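Q: need a structure here:
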Amino acid sequence: MVFGSFIGGMADACGRRKFVILFAVIYALSCMTKHFKNFHILMLGRLLGGIATSLLFSVFDSWLIRAHADAGLKSYLSKSFSAAAYGNSLVAIGAGLVANKAASSNDLLPFFGGKDEEGEESLFYMGGYLNPFDIALLALILCGFMAATMWEENYGETKSDNEESADDDDGHNKDQPWYGALKTAYTTTVRSRDIFLCGAVSSFFEGSMYIFVFMWTPALKNLTPKEEGEDSVSLPFGLIFSTFMVSCMAGSSLFSILVERIKIEVLGIAVMLVSSLSMMAIVFSGSDVVTFVCMNLFEMCVGMYWPIMGTQKGGIVPEDQRSAIYNLFRIPLNFIVLTSLLTDLTPKQSFIATTTMLAFGTACQAMLMKNRLHVNSMDELKSKSMQQDEKPAKKEEDTEAIELTKGPDPPVEVV
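A: Coordinates of the predicted model:
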């Protein structure tokens, strides 16, 4: 959380494509540490994984938004985020099936023999549940290679005429300290009401989403009756997860239809409200069927949330601090998830907490919508006023041009 926030904030100044490649390298190293039976190496892997996750949720979106702006395709940004959310769900289903098959293909065995010189078990293992990490390693190598060869570099700042010589040819500042990006992002966030509300909505919803990820399994287990002679409940978790991902895909598809007719801010309120109501229904429901349906409804809202929030942040967060502010948004999110895990809440208590957070998120989204619609209406009025001011001036110019083309009147002959 700490190291990832600082490193992710440096992407705006150093180049977002470089940090996408850095993400692939760091996450690949994290996957490699899983082969070692050593606490310190595994903790290093978790540290690298945390840094890579911060980069994953900041530099990719930042690069995409700037690339759309540079290409003059900003009106297609919402459709790009919708396609990305749909593709993420589709890939998640395939990845789950491949990982399950790979993990059961062979046994987990020591790679360098059974025991080391001191008679302890080997430190390096292969096979079993480590196979999915090896497959992820190949995917990360492909990701880094494609970013390095197919993407153009972009930065958080655009070089202007009055910039000092400390800026290089690409237009980013080299003199800023390593913590300067996050510090500037914090100052910008607390001074801008829209950015602060956008971050609050993001933290509340994504915090609720991660708590849901931890709690949906025990919640369904508690509601499923046990068969005679069995100590635990056996559920088709792979099938349930696939159903969640299909619901997420349905949500992203629904967004691509509704975004043509309804404003992004209004869709955001609808998603937050429906999510809160679905969590509330899970709290009060004693039926496994009703609970499962509400969980799928929440996953549909998740599928709509990603393109909504991606488009919304694309229009609110300033370009020169985008990656840093995105990482700043994740700090309260991580505190929410950490608090939930450390307090050892029951599934019902956890869903009460998510219902409350989503209700607060709905209120924040409503205030954000009010601000954004007011700003948009003011911009439209200014645009119309400028057009009206330009019309008389243009009319006068046309009149003068006509008079010039006529030339002087011919002299009158006197008889």
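Q: Phe351: how many residues sit nearby?
A: By other Cβ atoms under 10 Å, the residues close to Phe351 number 27. Where you see a C-beta, it was placed from the backbone N, CA and C, and this is true even at glycine.
Q: With the one 10 residues further on instead?
A: Residues lying near Gly361 (other Cβ under 10 Å) number 27.
Q: which residues sit in contact with it?
A: Each residue near Gly361 by Cβ atoms under 8 Å, 6 or more residues apart in numbering is listed here: Ala200, Val201, Phe204, Phe205, Ser208, Met272, Ser276.
Q: Mind putting these into a markdown table with pLDDT, secondary structure and distance to Leu358?
A: A markdown table is the format used below for the contacts of Gly361 (pLDDT from 0 to 100; DSSP: H, G, I helix; E, B strand; the rest coil; distance: Cβ to Cβ, whole Å):
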| residue | pLDDT | secondary structure | distance to Leu358 |
| --- | --- | --- | --- |
| Ala200 | 95 | helix | 12 |
| Val201 | 96 | helix | 10 |
| Phe204 | 95 | helix | 6 |
| Phe205 | 96 | helix | 7 |
| Ser208 | 95 | helix | 5 |
| Met272 | 96 | helix | 6 |
| Ser276 | 96 | helix | 4 |
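Q: which of these count as buried?
A: Ala200, Val201, Phe204, Phe205, Ser208, Met272, Ser276 (16 or more other Cβ atoms under 10 Å).
Q: how about the third one, what does it touch?
A: With contact set as Cβ under 8 Å, 6+ apart, Phe204 has these partners: Ile336, Met357, Leu358, Phe360, Gly361, Cys364.
Q: Where helices are concerned, which of those residues count?
A: For these, the ones inside helices are Ile336, Met357, Leu358, Phe360, Gly361, Cys364, with DSSP state H as the criterion.
Q: Please identify which pair of the residues you listed lies farthest apart.
A: Ile336 and Cys364 (14.2 Å; Cβ to Cβ).
Q: Show me where the stretch 101-250 of the chain has its helices.
A: In the stretch 101-250 of the chain, the helices defined using DSSP state H, counting those that start in this stretch lie at 131-150, 180-191, 193-223, 237-258.
Q: which of these sits most buried?
A: Sort the helices of the stretch 101-250 of the chain by mean neighbour count, taking mean count of other Cβ atoms under 10 Å, and helix 193-223 sits at the top with a mean of 20.
Q: State the number of residues packed around Phe19.
A: Using other Cβ under 10 Å, Phe19 has 24 other residues around it.
Q: ugh, wrong one, Leu48
A: 21.
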